[in-house]
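Novice: sequence first, then the predicted structure:
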Amino acid sequence: MDLQPKCSDTTILVVEDEDDVREFCVDALTDAEFTVESVSSGEAALAVLEHGHIDIVLSDLKMPGLDGLALLKLVKEKYGSIDVVMMTGQATVSTAVEAMRLGAYDYITKPLELDGLTSLLGRLVERRELILENRLLKGQVNTRSGPGGMLGDSPQMQELYRLVLKAAMKRHPVLILGESGTGKELVARAIHEQAPWKAEPFVPVDCSALAENLIESELFGHVRGAFTGASQDRAGLLSSAGSGSVFLDEIGELPVALQAKLLRALQEREFRPVGSNQRKELKARVMAATNRDIQAAVKGGTFREDLYYRLNVLTLKVPPLRNRQLDIPCLAKFFLARHREPQDLVQAVSPEAMDRLMDYAWPGNVRELENCMRRALAVSCGTLIEVADLPPELRSAHPASEQHDHSRLEELERKAIAESLQATGGHRLRAAKLLGMGKTTMYRKLKEYGLEKTR
C-alpha cells in the first residue's frame, strides 16, 4: 500500500482577512500541489467546514469578528479530525502558544516565508499519513482483517482500506462503485464504524426496494394528513440517522424527480417533510452506492449530472473478486467457519478444489463465493471440500496446472507484483514495500517475469 504523503489528497482552508497574505498562501500551497480553498473571515470558514471536506485549517490569529482562537475552539469541538495551524505576528506569539495548548498543531509567524510554510504543512501531512497507517496496522494486528471486518491482503484491498480510513474522518458525501456482490454496503459500514460519530445510527436504504409512490415520504418523512393514509407524523430515514450516516444503496434507481430533491437536501443541508412547511436540518453524512455505470446514466439522462458531482466528492471503487484472486483462500476459509454447523465434518478446502475456486471468474463476486461455500458444506461428507462438492460451473473448470505454463506459485507471484505496481501507480519501491519484498528481489522478479517496463 502506498503510504507516502499525498499533498493532492489534502485540502487546506486558508482563513485570512488580508488579501495579499491570503493570495500568497493560496498560490504557494497550490504550487506545492495541495488542494486549497480560501475565505476572509472566521464566519465564512465555518460555512465551508459544514461541507466536511477540509483536512487542515491555516488561519490568521487576529481577525475582525470571529478570530483565530475562537475558530480553533469551534473546529476542535465539532471537527476533531481537522488540524489547525495558526498564522501570527511576532507580537502575538504568546497567544499562538496558547492556541497550541488548545489543540493547534503549530503556528508560523508573519511575514510568511514560502519554504517555511510548505515545510510545516508537509510535515503535518506526513504526520496525518502516519496516524492513518498506524490505525490500519493496528486494526490488522487485532483482527487480521481490514476496517469494518473486510477481508483480503491483496494490493487492491489494501488501497481500499486506506481510502476507507481517510473517508471516515470527513463528513463529505462518498460514492461507492462496484459490481453486484462485491460488498459495497460492507464498505459503507466500515467507513461509519471508523468515524468519530460511529456511536450514531447507520441507516441503510435500498433505493430499488422502495415503492415509487412512497419513496419521498420514506426518505424525507411526512406530516399527518399529507396524503391518504398519513394518520400521524413520521420521521423519514434521513432524520432517523441523526448525526450518523445514511447509506443510499442502488441510488441509480431513484426517480429523476426525487434526485432533484435529494440534491437540494445535500446542497442546503436541510429538507422538508412531505406536506410540511417547516424545514429540518440534514445532520447525517450521506453515502451512496450503485453497480450501474453512473457516467453512462448521466449521459443517458437517467441520472442528474449535478447530483453525480455532488456525491462524487470521494469515490471508492470496490474491486471485483476476479481481480483480487489472492484473497479467495482467506474468504473461503472465513465463509466455511461462518456457516459450518456443529455436525459438519468439513475443516478446509482441498488443494484441487481451491484451484477451481481460484480459476473461476466469479460473476457474482464475494456473494457468489459465500453461496458456493454454503452449498459445498451442505453436500460434503468428508473433512475436506472436494471438487465434487462444488457447483457444476466450477467443477467443469480446468485445474490451474493445465492452463498455465508456469507453476501456480509463480503465476500468483507474478500477478501479485503486477497488481501492486498498478495499485502504486508503477512505483517500484512502494510496490516492494507493499509486498514485504526487498528492493533487490523486486528488481530481479520484474526482470524474471518480464515486468521491467511496467510503469
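Specialist: Right, received. Where do you want to start?
Novice: use CA for all of it now, contacts and neighbours both
Specialist: Will do.
Novice: buried ones in stretch 372-380?
Specialist: 372-374, 376-377, 380 (16 or more other CA atoms under 10 Å).
Novice: over to stretch 413-421?
Specialist: 413-421.
Novice: and these, which is closest to Ser180?
Specialist: For the buried residues of stretch 413-421, the minimum distance to Ser180 (CA to CA) is 22.0 Å, reached by Glu419.
Novice: ok, that closest one - contacts?
Specialist: 155-156 (CA atoms under 8 Å, 6 or more residues apart in numbering).
Novice: check what pLDDT it gets.
Specialist: On pLDDT, Glu419 comes in at 81.
Novice: over to His404?
Specialist: 42.
Novice: just checking, next helix/strand downstream of the strand or helix carrying Ala28?
Specialist: Here Ala28, judged by DSSP states H and E, is contained in helix 19-31. With elements assigned by DSSP H and E, the helix or strand that comes after helix 19-31 is strand 35-39.
Novice: let's see that following strand as CSV, backbone CA atoms only.
Specialist: Presented in CSV, the C-alpha positions along strand 35-39 are these (Å, rounded to 0.1, in the frame of the first residue of the first chain):
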residue,chain,number,x,y,z
THR,A,35,-6.0,21.4,-2.8
VAL,A,36,-6.7,24.9,-1.5
GLU,A,37,-9.8,26.9,-0.5
SER,A,38,-9.7,30.4,1.0
VAL,A,39,-12.0,32.7,2.9
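Novice: name the helices or strands packed onto that strand?
Specialist: strand 11-15, helix 19-31 (3 or more CA pairs under 8 Å, 6 or more residues apart in numbering; DSSP states H and E).
Novice: go ahead and name everything in contact with that strand.
Specialist: For strand 35-39, using CA under 8 Å, 6+ apart, the contacting residues are 7-17, 22, 26, 29-30, 45.
Novice: go again with 6 Å.
Specialist: 8, 11-15 (CA atoms under 6 Å, 6 or more residues apart in numbering).
Novice: can you redo the residues you listed as CSV with distance to Asp327?
Specialist: Formatted as CSV, the contacts of strand 35-39 follow (distance: CA to CA, whole Å):
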residue, distance to Asp327
Ser8, 30
Thr11, 33
Ile12, 37
Leu13, 39
Val14, 43
Val15, 46
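Novice: and the buried residues of stretch 413-421, which of them are in helices?
Specialist: 413-421 (DSSP state H).
Novice: how about a markdown table for those residues, with distance to Ala297 added?
Specialist: Shown next, in a markdown table, are these (distance: CA to CA, whole Å):
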| residue | distance to Ala297 |
| --- | --- |
| Glu413 | 38 |
| Arg414 | 36 |
| Lys415 | 33 |
| Ala416 | 34 |
| Ile417 | 35 |
| Ala418 | 32 |
| Glu419 | 29 |
| Ser420 | 31 |
| Leu421 | 31 |
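Novice: in which helix or strand does the closest residue to Leu163 other than its chain neighbours reside?
Specialist: The shortest distance from Leu163 to any non-neighbouring residue, by CA to CA, 6 or more residues apart in numbering, is to Leu316 (7.2 Å). Remark: Leu316 resides in strand 314-317, with elements defined by DSSP H and E.
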